[in-house]
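Chemist: The amino acid sequence is not available; the structure is as follows:
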């Protein structure tokens, strides 16, 4: 590990919490050089929805490479891309009656958000955007302005303008939250935008996560999301859902907001869209907005990632029938029940369980405690990621394909890690 | 192709110039569905330095995948990453006596530039950055502010502040250029920065390409680059070279600025660093600057791209000895000579040849003509990319590994394409 | 009047509502070329607190001029300035136990606000400032960013950044207001600033009017103002009161916020501070903040207005005893009672009466109606100014020295104007 | 003087160089409490063109006040304003064949510049403005962004965006200047604006002083000013001359740029426009631009300064015939000759004489020396103001009406002050 300490940038982060060198991985298991096997409840921050080295994807990618398939194509046409698009249209868009266009860009979530911001500003001719407390949307300057966490914002080096952060609308209010989240704030926001003496100009867009993943697994209520969509529409603004972490099946539906009667102007996707770990990012854009783009106005060298198209097409096949999503709901229930058990066991500490499908979390309400828990997990052989303000929330996002026994085993390790951490306090 | 027309975003660009569906590729050849074979003088915009589907990379990647190697690791430690780092240090850093740190981020060039900007602003406490006319540095809001082309800037939707664009320093001045490029401008810029009544505050950084690739293959002179480095140093600003397109062997050395006695505070790398087409981006950062980062301040889900580490390590092996670079210089000479022949043939049209190593270009001084040339090339079976103001420059960046006969054949197709285009005018 | 129509800018405003040429004025009377006498319930937008051509001021100014007193002195020392400062210290600062420093700048309210912003940003090292819905703070770019009205903001031509507009805290909520004003919003704002994941950085200052004059005569509650001061203090931000229109005796005390236990870091004064109509502006600045200024950092050619010092000193003499302020409270009661009578008469229209001391207003809740009322007033011989969102509020700010019969007569004209306007509807 | 030290803000500046309390003044003489009489070569920073307490103005103002003339009228119509407008049109506009509209705003130069910026941005729909090295345009945020001096800019507390500072075009280049001023820079600037890959968007306006007063008395050449006007026109930008300090007769014509065939879109005036020391500011705006204003979009309480209209009308009378301007040219010659004598006497120190009409300066090329000179002047009874970078330029701007013997005496004191200062070095 000295190589990293000597030569890699001080900015490296996760490796400080997981100080070992990983070698191989399969489905929900990740192994290190010492031969230790870890259960993975983190799934590459939500990328590896179909498990590490998903065998179907492996086979397809290897075959593609061996046949000298095009790997890198910018936005030229390739067969792999066409197959991906066709599958996405068939499996995702048409069942919903959507005719959104698919836009590919530099293959990171932040690039997708940047492209969405450009388009919303172009379409409306307005600079300002509404984002939400605790939201996370990326690290490049445009999307960083949306990201709420002061730790990330503090690295910008220039003012992060043209964004207004307002309260979110949790289904279940966070314990002790006093930010004024919910419908009252949203109604006041409407009044503020509609009063010509408020100082607020109508925005280009509302950019919202239906579930704030990095922000602490805050699940927006359906009625609030509908209210945001309506307000956007009434103000002539675009309604943009960033489904980068919560989408692609994670919550028991393909989109985290499915079934709510929402029709976002733009949906930002990335992480789980490829599913094998090779990058991809894509926006779904209503055609009337997409028509505002001129060719090549938002480019990106790596926007034609054919290995991701190949793997991603296979990922999409999982949604042709309900098998995977049914399993996600079932396993999500297992996760939730286990966390609720922990919350009950430590009722005096006021833990709170939040989540949807296979993104479940326990808010320990104490960042130091959560850090000890994560440390214990690592020692016990479980990889999890703290999130939320001060890192006080333990988020569980195992591969959707995790075997039941790994799921069970991981939950037991987590329980033990919490027990140890609470005792040590 | 209707699938793309019906469902892909209107923003798609290159596919409009190359209206066919590509299927497979090998070294400098790319084939389409109709069985037509194209010679590739574009190399994925400079990514595929080692050829499409480089056989050594193919083998290594396939083996890695088949052994369930870790594909996606954020910034956790993996064996593949360690091997990459070790090789980079041995082959690139140590021979130069450098002790820069390696920082990985979201795997696109624009993310590298964004990270460099954040760090320069952090280190200096200053917001403003100097960039250069015709420079290209990316599409996300921070790097877009550096990018000079008005077509891209026009899509920002918000003001692109905190950047000052000044004249560049071409080795050979562009024909008819009146921008005031060169040492006089640089000297005046020094005076302007040093006069407390100029209105100019000292900048955080100078961000420069040693060769402006997208900007029209403008090769900076050594003395001018040294002057920029000295000015940056005198002003307490960082000297940042964006070597994303021109680096990684393209110009006959590993860095496009090798041999000039330069020691940039930050070097931004991406494209050719992986070399197989899977994305990667990396900054080299002097340790005294790198120490200003706190862990995880600039994150990115896809910053641990192990397939790119695997391929990239093999790419680096090409620089252990001089074989590849010798060939690059030789083939660069072939390219240059051919272009000069064309310039001679059409002396009356004032074509200008510019470039270094295997990035060579002919400035046709007429965007419409260049567009016809590119169209002819496509029909004849050659892929090239226009660049520069109004797309008037034909840039040739074939894979460094292109076989001599493909090189020759491609140049003949280019000559024919130009002949036809000039005749048609 | 053709001279004006032909040669003066189209931007001229009040003259369109008062299409006559005024010639002379005395106390609360203003006469035009046709010999018509108007009762003035507008007092030069709050400047002429001591009446047009206050005889004591006239005498002093004329004597000063005739003795060749210094008229214009930048920030050199003059006797007139010293006398003004001494009187201000004796009459205003020392009775309150304050040791604020007096800063003079370009003699307009907006310049005072600009200087306050600079200092708050300097002291805190923070760019952002909190301002309030419906606030008015001036027209130059820095203060315009605080001003809430979209009509004024729309003329900026550049984004108005670094300001966040939040709900105000009216003593009596405006009828139908849904902006979420009051303590709940303030408490949520505190939580939002204190949550490190809100996206809100702690501000440099809170800039508030204790009574929003242009914004519709919205009187802040004492407890809310105390809350704002406390929040500013807790966040390390400056608490700045813009008392430019409501200060200098207008509300029955010297400052509009007297008696509330407030100690603002900066108080901005202008309008009534001179009192004769010649301009002056001044900030009161706590010495620990004032120490952050370097000499001449915020200059202004006209910052040494000695005629204003001469008149202003006499204005200050009115506050040595309670006579004027007692009268202000009494006459304010007369105004209020009359307006409440009108509100009662038209209960079905839901008029609302708001105000303090001799700044009283009736909110007609209909801008078109208010415009008719103002037009009728002009015809009847009364000058009043609509304010508030859409100009729906009739604000009464006669000279504090208005004779009782003029006050009475003016109120009768107003009643008639409203009667006529309501009938015409 | 303790009163000031105890209670006035630390920001006070000139009084530190002139530590005495002034009492009265007449034409070019200013007297202090100790009975000492000073010759005034500063004229209130260029306001008092017609002398302190000009007797005609005194009489008119006193009469106006005694007749209860309207002092303060916002933008309502008054007789005094009409007379001022009529006179300005007759004496200034019509002889030049101009039909500019007269716009009044808050009575400071900075407010005039702010209004001009708003209008230029409105007319063009562009945010950015070109200003020039060493320019001075005011202290409020919009005009401060134009002001070049880093001392003033450093107090902004927020980034000063949307302005680009470029080299000026001195008639006689400043000794040792290396900023690249002159036509070459202007030609390169044209090329930079016209190249779509320069990163420069076409600006809303070029804002220029024909003579940079605060910047060190830099006199622009006629050909360069014409070039700026042409470039503005070609780019669809407004050509704005800030004639606040150099206008109103100072340079031997009414405007500092008279006789050069210029027709600015906007001319900003203030200081000498009133002439008595009471403030006023006014823009001359071409009617086609003025039509873009809506009523009251840029307001200001003190925009109807009738004492300034009364005095200003008398000031304008001085320009009905050539008497004053002839005298200005003659006295300007006297000033210049004296300064050239000093430059000759100290040839080894490289002093440089610059100026036009009665704005003449000697560049001592050493701020410390200039400070000693100014201190000596004060002791000897002469008031002058250093300007330029580091305060190294001694600027002489006596009242245009200064008697010849005071002019002579003042020049002798200056010579002595320089002699003493040089000896002391």
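Modeler: That came through, no problem. Predicted, not measured: the structure shown is a model, and the values here were computed from it. Numbering: from 1, shown residues only, chains lettered A, B, ... in the order given.

Chemist: is the worst-scoring helix or strand of chain A on mean pLDDT up against chain B anywhere?
Modeler: In chain A, the helix or strand scored least confidently by mean pLDDT, DSSP states H and E is strand A:385-387, which has a mean of 92. No: contact of strand A:385-387 with chain B (CB under 8 Å from any CB of the partner chain) is absent, the minimum separation being 9.3 Å. No exception for glycine: its C-beta is placed from N, CA and C like everyone else's.

Chemist: Between the two ends of stretch A:237-257, what distance do you get?
Modeler: End-to-end distance of stretch A:237-257 (CA to CA, to the nearest Å): 19 Å.

Chemist: what's the single longest helix in chain A?
Modeler: Using DSSP state H, we find that the single longest helix of chain A is helix A:323-345.

Chemist: Buried residues of that helix, list them for me.
Modeler: A:324-325, A:327-329, A:331-332, A:335-336, A:338-339, A:342-343 (16 or more other CB atoms under 10 Å in any protein chain shown).

Chemist: Are there helices or strands packed against the least confident helix or strand of chain A, and which ones?
Modeler: When contacts are defined as 3 or more CB pairs under 8 Å, 6 or more residues apart in numbering or on different chains; DSSP states H and E, strand A:385-387 sits against helix A:367-380, strand A:393-396.

Chemist: which one of these is the most hemmed in?
Modeler: strand A:393-396 (a mean of 27; mean count of other CB atoms under 10 Å in any protein chain shown).

Chemist: do the very next helix or strand once past that one and chain B meet at all?
Modeler: For strand A:393-396, the succeeding helix or strand toward the C-terminus, using DSSP states H and E, is helix A:404-424. No: using CB under 8 Å from any CB, helix A:404-424 stays clear of chain B, coming no nearer than 15.5 Å.

Chemist: show me where the stretch 201-350 of chain A has helices.
Modeler: Secondary structure of the stretch 201-350 of chain A (DSSP state H, counting those that start in this stretch): helices located at A:222-234, A:287-290, A:306-317, A:323-345.

Chemist: Export these as a markdown table, with columns for distance to chain C.
Modeler: Shown next, in a markdown table, are the helices of the stretch 201-350 of chain A (distance: least, CB to the nearest CB, whole Å):
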| stretch | distance to chain C |
| --- | --- |
| helix A:222-234 | 13 |
| helix A:287-290 | 23 |
| helix A:306-317 | 31 |
| helix A:323-345 | 21 |
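
Chemist: Which of the ones you listed sits closest to residue A:83?
Modeler: For residue A:83, the closest of the helices of the stretch 201-350 of chain A is helix A:306-317, at 5.3 Å, according to CB to CB.

Chemist: tell me what the closest one is packed against?
Modeler: Helix A:306-317 sits against helix A:55-66, helix A:79-88, with contacts defined as 3+ CB pairs under 8 Å, 6+ apart.

Chemist: Of those, which is nearest residue C:283?
Modeler: Nearest of those to residue C:283, taken as CB to CB: helix A:79-88 at 61.0 Å.

Chemist: Tell me how far the residue positioned nearest the centre of chain A lies from residue A:39.
Modeler: By CA atoms, centre = their mean, chain A has its centre lying nearest to residue A:245, at 1.2 Å. Relative to residue A:39, residue A:245 is positioned 20 Å away (CB to CB, to the nearest Å).

Chemist: which residues of the stretch 1-150 of chain A fall in helices?
Modeler: Along the stretch 1-150 of chain A, counting by DSSP H, counting those that start in this stretch, helices occupy A:2-7, A:14-17, A:43-46, A:55-66, A:79-88, A:94-96, A:109-124, A:141-144, A:150-153.

Chemist: right, and the ones you listed - which one's nearest residue D:239?
Modeler: Of all the helices of the stretch 1-150 of chain A, it is helix A:109-124 that lies closest to residue D:239, at 30.5 Å by CB to CB.

Chemist: helices or strands up against the closest one?
Modeler: Using 3+ CB pairs under 8 Å, 6+ apart as the test, helix A:109-124 ends up in contact with strand A:129-132, helix A:141-144, strand A:205-208, strand A:238-242, strand A:266-269, strand A:282-285, helix A:287-290, helix B:109-124.

Chemist: per-residue confidence for residue A:172?
Modeler: For residue A:172, the pLDDT comes out at 89.

Chemist: Quick check, it in contact with residue A:354.
Modeler: Yes: contact criterion CB atoms under 8 Å: residue A:172 and residue A:354 qualify, at 6.2 Å.

Chemist: Show me which of the two is the more surrounded one.
Modeler: A side-by-side neighbour count of residue A:172 and residue A:354, using other CB atoms under 10 Å in any protein chain shown, places residue A:354 first with 25 against 12.

Chemist: hang on, the more buried one in a helix?
Modeler: No: assigned with DSSP: H, G, I helix; E, B strand; the rest coil, residue A:354 falls outside any helix and is strand.

Chemist: how about the helices and strands packed on helix A:306-317 in CSV, adding mean neighbour count, distance to chain C and mean pLDDT?
Modeler: Formatted as CSV, these follow (neighbours: other CB atoms under 10 Å in any protein chain shown; distance: least, CB to the nearest CB, whole Å; pLDDT from 0 to 100):
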stretch, mean neighbour count, distance to chain C, mean pLDDT
helix A:55-66, 18, 35, 98
helix A:79-88, 22, 32, 98
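
Chemist: Any chance of a markdown table for those, columns distance to chain D?
Modeler: Shown next, in a markdown table, are the helices and strands packed on helix A:306-317 (distance: least, CB to the nearest CB, whole Å):
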| stretch | distance to chain D |
| --- | --- |
| helix A:55-66 | 38 |
| helix A:79-88 | 30 |
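
Chemist: The residue in chain A positioned nearest to chain D: what secondary structure?
Modeler: When scored by CB to the nearest CB, chain A has residue A:159 as its residue closest to chain D, at 6.6 Å. Following three-state DSSP, the label given to residue A:159 is coil.

Chemist: got a list of contacts for the least confident helix or strand of chain A?
Modeler: Strand A:385-387 is contacted from outside by A:14, A:42, A:45, A:213-217, A:361, A:367, A:370-371, A:373-374, A:392-395, A:397, using CB atoms under 8 Å, 6 or more residues apart in numbering or on different chains.

Chemist: swap in stretch A:418-425?
Modeler: Outside stretch A:418-425, the residues within contact range by CB under 8 Å, 6+ apart are A:342, A:346, A:349, A:364, A:369, A:372-373, A:376.

Chemist: how does it look with 6 Å?
Modeler: Among residues not part of stretch A:418-425, those counted as contacts by CB atoms under 6 Å, 6 or more residues apart in numbering or on different chains are A:342, A:369, A:372-373, A:376.

Chemist: Now the two most distant members of those residues.
Modeler: A:342 and A:372, at 14.6 Å, using CB to CB across the contacts of stretch A:418-425.

Chemist: which parts of chain A sit against chain C?
Modeler: With CB under 6 Å from any CB of the partner chain as the criterion, chain A meets chain C at residues A:127, A:133-134, A:148-150, A:159, A:161, A:165, A:178-180, A:188, A:191-192, A:196-200, A:389.

Chemist: Mind checking which of those are in strands?
Modeler: Judged by DSSP state E, the residues of chain A next to chain C include residue A:165 as members of strands.

Chemist: isn't residue A:362 right up against residue A:339?
Modeler: Yes: counting by CB atoms under 6 Å, residue A:339 is a contact partner of residue A:362 at 4.6 Å.

Chemist: Common neighbours of those two, please.
Modeler: When contacts are counted by CB under 6 Å, 6+ apart, residue A:362 and residue A:339 are jointly contacted by residue A:353.

Chemist: Can you tell me the closest non-neighbouring residue to the most far-flung residue of chain A relative to its centre?
Modeler: Centroid-distance maximum for chain A: residue A:197 at 36.9 Å, with CA atoms, centre = their mean. Nearest in space to residue A:197, with sequence neighbours left out and distances taken as CB to CB, 6 or more residues apart in numbering or on different chains, is residue C:389 at 4.2 Å.
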